[in-house]
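**Student:** need a structure here:
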Amino acid sequence: SVVRNALFCLETAANQQENHVYTKALLAYAFALAGNREKRKALLDSLEKEAVRKDGSVHWQRPGKEPEADLPYYRSRAPSAEVEMTAYVLLAHLTSQPAPAQEELAFASLIAKWISSQQNPNGGFSSTQ
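**Tutor:** Below is the predicted model of the structure:
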């Protein structure tokens, strides 16, 4: 009953009109783990509309973020929250029963490309998670 109540709480939160992109990413992953395909798909569809597509990759960023300067010899790393929320979207895409379709895997590879581009020279990330 505790898990059922927790999922009810998450469903209530997911039905709110104005959810932050980070919240949607976490909810999509939670519903993927819970096996709720409808909620997972609805959240992923909503997130796809907010995706940033650049240089053959896909990621998510905070609303209202200033565009980065496009400097030829410098590439800044994204803030840890953006790496985390993009990673949660990737997990939501890959955590699917039955296994993700080929189309979903192709989209997931674009997300993985962006995440791998955020690695620091030691192979880690700015995020602690």
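**Student:** same question for the strand or helix carrying Ala25, mean pLDDT?
**Tutor:** Using DSSP states H and E, the element containing Ala25 is helix 21-34. Rounded to a whole number, the mean pLDDT of helix 21-34 is 94.
**Student:** return the set of buried residues in the helix or strand of the chain with the lowest mean pLDDT.
**Tutor:** When the helices and strands of the chain are scored by mean pLDDT, DSSP states H and E, helix 2-14 comes last with a mean of 88. When neighbours are counted by 16 or more other C-beta atoms under 10 Å, the buried residues of helix 2-14 are found to be 10, 14. Yep, even glycine has a C-beta here, placed from its N, CA and C like the rest.
**Student:** got a list of contacts for it?
**Tutor:** Counting contacts by C-beta atoms under 8 Å, 6 or more residues apart in numbering, the residues outside helix 2-14 that touch it are 19, 23, 27, 30-31, 34, 36, 39, 42-43.
**Student:** the residue positioned nearest the centre of the chain: which element?
**Tutor:** The C-alpha lying nearest the average C-alpha coordinate of the chain belongs to Val89 (C-alpha atoms, centre = their mean; 2.4 Å). For Val89, the host element (DSSP H and E) is helix 80-94.
**Student:** outside of that helix itself, list whatever touches it.
**Tutor:** Where contact means C-beta under 8 Å, 6+ apart, the residues beyond helix 80-94 that reach it are 21-22, 25-26, 28-29, 31-32, 40, 43-44, 47, 59-62, 78, 100, 104-105, 107-108, 111-112, 114-115, 118, 125-129.
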